[in-house]
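> okay, sequence plus prediction incoming.
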Amino acid sequence: DSAEASPLVVVENIERCSPNCLQMLLENISGLTVDADFTVELIPEINVAVITFIKNIDTKEFVKKCSQHKRVREFKMTARLLESTQTIKAENLPDSVSTDYLTVYFESARNGGGPVSDVQLFPEENSAIITFCDHKGNT
């Protein structure tokens with residue numbers, strides 16, 4: 001178990017809760033404000049939302065509160081910390097993107113990145129696999 005919990009939380013089974021309802025629910029549980037304190041990225045293809053906490057909070061405690069919350073249980077949603085990974089897939093990339101550009105972009109601290117060890121470009125899919133030197137630079 002890492003000393004520092006991930007600032008990312010995955011909420012699964014979101015199909016029964018509208019995006020606005022989900023945001024209000026997350027605000028109620030966390031006591032924080034969407035956009036100012038956290039962001040919500042919906043990934044409807046896999047029926048999840050990824051919450052990125054901008055404000056430093058105990059995400060383990062937040063996940064626990066979610067699992068105990070009456071409305072979360074009614075919607076049959078679950079929350080968990082997003083596990084760390086050293087590899088991510090970037091999709092919908094422009095045709096002209098280069099491995100050098102992606103390396104520099106994903107190494108940018110401003111973009112939440114870190115040292116990149118490898119970039120595999122898949123031009124036919126307009127995607128790339130980026131591998132970081134450690135799991136810290138993968139948000």
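Nice, I can see it. Numbers count the residues shown, from 1 in each chain.

> what bridges to the residue nearest the centre of the chain?
Residue closest to the average C-alpha location in the chain (C-alpha atoms, centre = their mean): residue 50, at 4.4 Å. Beta bridges link residue 50 to residue 10, residue 41, judged by DSSP bridges.

> secondary structure class for the residue at the greatest distance from the centre of the chain?
Distance to the chain centre peaks in the chain at residue 96, reaching 26.1 Å (criterion: C-alpha atoms, centre = their mean). When classified by DSSP: H, G, I helix; E, B strand; the rest coil, residue 96 comes out as coil.

> equivalent analysis for residue 129, please.
Under three-state DSSP, residue 129 comes out as strand.

> excluding sequence neighbours, find me the nearest residue to it.
residue 120 (4.4 Å; C-beta to C-beta, 6 or more residues apart in numbering). Quick note: C-beta positions are derived from backbone N, CA and C, even for glycine.

> show me where the chain has its helices.
19-30, 59-68, 70-74, 99-107 (DSSP state H).

> could you dump the ones you listed to TSV with distance to residue 129?
Shown next, in TSV, are these (distance: least, C-beta to C-beta, whole Å):
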stretch	distance to residue 129
helix 19-30	29
helix 59-68	26
helix 70-74	33
helix 99-107	10
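
> for residue 46, which of those is the nearest?
Distance to residue 46, taken as C-beta to C-beta, is lowest for helix 19-30 among the helices of the chain, at 15.0 Å.

> wait, doesn't residue 88 sit right on residue 128?
No: if you go by C-beta atoms under 8 Å, residue 88 and residue 128 don't touch, sitting 9.1 Å apart.

> same drill for those two, tell me which one is more crowded.
residue 128 (21 against 16; other C-beta atoms under 10 Å).

> re earlier: what sits against the residue nearest to residue 129?
128, 129, 131 (C-beta atoms under 8 Å, 6 or more residues apart in numbering).

> tell me the average confidence for stretch 76-95?
What stretch 76-95 shows for mean pLDDT is 90.
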